[in-house]
Every structure is written in C-alpha cells, then in structure tokens.
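Trainee: okay, here's the prediction I keep looking at, along with the sequence it came from:
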Amino acid sequence: MGYSRFPASCHPIVWFLAFAPIIGELLRGIIIGIKYGDGFEAMIAIAQNKFWFITLILNVALGIADERYLVKKGIDTSKFKIWSALVPVYLFQRSKILNHNYAYFIVWCISFLLILLF
C-alpha cells in the first residue's frame, strides 16, 4: 500500500536527516571551537576525532523524530520503525514503503561520504 498522498518534499525533518552527517560535523566543529579555541589544540581535537558522537546522536535523534512525525500523520511505520537508529537503512526502507524516490537516502549517503573524505 503506497502513501503517495504524503510527498517527501513537504516534510523538513527527513531532509535535515538527509544532511545530518554534514550538519553534525559542523556542530562538532563549533563545539570544538568553543572548547579549544581556534588554535593548535582545536586542530589536534579534530585530528583525534573528539566529539565524534555528536553526528551519531544527531542522526539517531532525527531518525526517531521523523518516525514519530510519520506516526502522528497516521502512517504505519511498523515495517521500518526498528531501523530509525540505523539511518541509511531507515531512509531506504522509508522511501521504499512510502513509494517515494530515494533522494533523501542518496543525499545521506553522499553527505556521509563527504565527511569521510574531508
């Protein structure tokens, strides 16, 4: 059963989730800047991957928020709810079950690859 009446484009949480790897790294950089300043210590903190968990927490929190939003809109999320903590699987299942294109899944994958490369 499809949910084409509920287009992905009208739901901002899923798009924040799609860009969560990049947003999380930006937040991490801001927190490192606040804690260590803009000098050598900040560069070491970045190199040592301090505060790596910020991106993880953001991804999981947005996944759970998106799933709850869908439930509030009356959409049965039982087939992909369990995956809300594993974001790429969640986004793929969400797209498939709701008959959406895979745009936000692809954007999340590209965002993740970008933070790995830079």
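Mentor: Structure's in. What do you need?
Trainee: which residues in this structure form helices?
Mentor: 12-18, 20-36, 40-47, 53-72, 87-97, 103-117 (DSSP state H).
Trainee: nearest residue to the residue nearest the centre of the chain other than its sequence neighbours?
Mentor: Among the residues of the chain, the one closest to the centroid is residue 17, at 3.1 Å (Cα atoms, centre = their mean). Closest residue to residue 17 apart from its sequence neighbours, by Cβ to Cβ, 6 or more residues apart in numbering: residue 62 at 4.2 Å. C-beta coordinates here come from the backbone N, C-alpha and C atoms, glycine included.
Trainee: pull the number of nearby residues for the one you found.
Mentor: Each residue near residue 62 was counted by other Cβ atoms under 10 Å, and the total is 23.
Trainee: for the one 4 residues further on, same thing?
Mentor: By the other Cβ under 10 Å criterion, the neighbourhood of residue 66 contains 24 residues.
Trainee: who are the contact partners of the closest residue to it other than its chain neighbours?
Mentor: Among residues not flanking residue 66 along the chain, residue 13 sits closest, at 4.6 Å (Cβ to Cβ, 6+ apart). Shown in contact with residue 13 (Cβ atoms under 8 Å, 6 or more residues apart in numbering): 62, 65-66, 69.
Trainee: where are the low-confidence patches of this structure?
Mentor: Scanning the chain for pLDDT under 70 picks out 1-10.
Trainee: please repeat the previous calculation with a cut-off of 80.
Mentor: Counting by pLDDT under 80, the chain contains low-confidence ranges at 1-11, 81, 83-85.
Trainee: about what we covered before: could the contacts of residue 13 be laid out in TSV, adding distance to residue 94?
Mentor: Converted to TSV, those look like this (distance: Cβ to Cβ, whole Å):
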residue	distance to residue 94
62	12
65	13
66	8
69	11
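Trainee: and which of those residues is nearest to residue 22?
Mentor: Relative to residue 22, the closest of those is residue 62; by Cβ to Cβ it sits at 12.5 Å.
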